[in-house]
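K.L.:
quick one: sequence plus predicted model below, questions after.
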Amino acid sequence: MTPQRISRRSALGIGLGAVAAAAGATALAVERSNAVAYGSAGSPAHFAPTATPTAYPSPPTTTAGPLVLGSFASKGMSPAPAHAVPVDFEISYPPGSKPGDPLPVAVLLHGLDESEATAFDSDMAFNLYQAQAVAHGVPPFAIATVYGADEWWHPRADRTDAAALVVDEFLPLLAGRGLRAGAGDKVALMGWSMGGYGALHLGGLLGPARVAAVAAMSPAIWPSYLETTVGAFDGQADFDRNGVFGRQASLADIPVRIDCGLQDGLCAFAKVYVEGFAHRPAGGWQPGEHLPGYWRSVAPAHMDFVGRALAAGA
């Protein structure tokens, strides 16, 4: 089970006493439930779960490679730019590689109410899928995660900027550790749900000179502000600046893969988004809900996609 994390924004808003109570409670996040779909800028829309739950695969039994945990001081995630706040990160290396090896890297962005650790926990186990992909012939690559809180991977009204966290702070940190994430290198961007949106958004901002591939699982994207979930954007103007609909051309020269479960309330939006590309992205729609089991089911294809794209873009 992933340790419960209280976002910095929540902590500032609800007070220390409530934070302590929340830390001792067990709550199922929206992203781990099929009972609530996104909708209407603050009023989640309920939908019926599938009559027969989808059967999902268990993680592979392969052995993962080294996993490095660390922390750095971030000004991008601080509401007071003069004062940095600690931000945690993790780097997964495939078997046969070690910290310091000059591998290409995929930055994997987490979902809502999750953390940098979620990608490698027992529910997701993306480091095992990474190891499996390399064992099956995909050129070795690292996966790096960073804690972006619930800031939706774009600049916010409270002056935090999780996009700057990734681009201006995390990528240079990865380059400093020997990974191919410097100014002349191409990285891959991956993510699920909120992180799927973040991968599409940051991929468009960085462009083909810096991005070898974008792979989004169940991206939390909407064609209009009124259809978004509470907290995703600070208002209509923020949505207009940072939404991904209408900006598909910014990804035209980048290999893109998008997958979403047919029983996911976000699937209809993903289908509309895909139709906005001049050339249809890879991926598709499979039986599944907005759950870790679905993301595990498409993880092998995503690891293969980004690993080969990173090797081709080197």
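P.N.:
Yep, that arrived. Residues are numbered from 1 along each chain as shown.

K.L.:
can you map out the helices along the stretch 1-150 of the chain?
P.N.:
Using DSSP state H, counting those that start in this stretch, the helices of the stretch 1-150 of the chain run over residues 8-24, 126-135.

K.L.:
where among those helices is average confidence lowest?
P.N.:
In terms of average pLDDT, helix 8-24 trails the rest of the helices of the stretch 1-150 of the chain, at a mean of 30.

K.L.:
please save the CA atoms from the host helix or strand of Ala301 in CSV.
P.N.:
Per DSSP states H and E, Ala301 falls inside helix 292-313. Extracted in CSV, the C-alpha atoms of helix 292-313 (Å, rounded to 0.1, in the frame of the first residue of the first chain):
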residue,chain,number,x,y,z
PRO,A,292,-4.0,0.6,-11.2
GLY,A,293,-5.0,-2.8,-12.7
TYR,A,294,-5.8,-1.1,-16.0
TRP,A,295,-2.5,0.8,-16.0
ARG,A,296,-0.7,-2.4,-15.3
SER,A,297,-2.4,-4.0,-18.3
VAL,A,298,-1.1,-1.3,-20.7
ALA,A,299,2.3,-0.9,-19.0
PRO,A,300,4.2,-3.4,-21.2
ALA,A,301,3.1,-1.6,-24.3
HIS,A,302,4.1,1.8,-22.8
MET,A,303,7.5,0.6,-21.7
ASP,A,304,8.2,-0.8,-25.1
PHE,A,305,7.0,2.4,-26.8
VAL,A,306,9.1,4.8,-24.8
GLY,A,307,12.1,2.6,-24.5
ARG,A,308,12.4,2.2,-28.3
ALA,A,309,11.6,5.8,-28.9
LEU,A,310,14.3,6.9,-26.5
ALA,A,311,16.8,4.7,-28.3
ALA,A,312,15.8,6.0,-31.7
GLY,A,313,16.0,9.6,-30.5
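
K.L.:
buried residues in that helix, which are they?
P.N.:
Across helix 292-313, burial judged by 16 or more other CB atoms under 10 Å covers 292-310, 313. For the C-beta atoms, the positions are set from N, CA and C on the backbone; glycine is no exception.

K.L.:
what of stretch 202-221?
P.N.:
Buried residues in stretch 202-221, counting neighbours by 16+ other CB under 10 Å, are found at 202-206, 210-221.

K.L.:
same question for stretch 54-62.
P.N.:
By 16+ other CB under 10 Å, the buried positions in stretch 54-62 come out as Thr54, Tyr56, Pro59, Pro60, Thr62.

K.L.:
with distance to Trp152 added, can I get those in JSON lines?
P.N.:
Listed next are the buried residues of stretch 54-62 as JSON lines, based on distance: CB to CB, whole Å:
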{"residue": "Thr54", "distance to Trp152": "27"}
{"residue": "Tyr56", "distance to Trp152": "26"}
{"residue": "Pro59", "distance to Trp152": "28"}
{"residue": "Pro60", "distance to Trp152": "31"}
{"residue": "Thr62", "distance to Trp152": "33"}
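
K.L.:
from these, pick the one nearest Gly265.
P.N.:
Thr54 (14.4 Å; CB to CB).

K.L.:
tell me the contacts of the closest one?
P.N.:
Taking CB atoms under 8 Å, 6 or more residues apart in numbering as the contact definition, Thr54 lies against Gly261, Gln263, Pro287, Gly288, Glu289, Gly293, Tyr294.

K.L.:
burial check on the closest residue to Val68 other than its chain neighbours, number of neighbours?
P.N.:
Counting by CB to CB, 6 or more residues apart in numbering, Val68 lies nearest to Ile91, which is 4.4 Å off, once chain neighbours are set aside. Neighbourhood size, Ile91 [other CB atoms under 10 Å]: 23.
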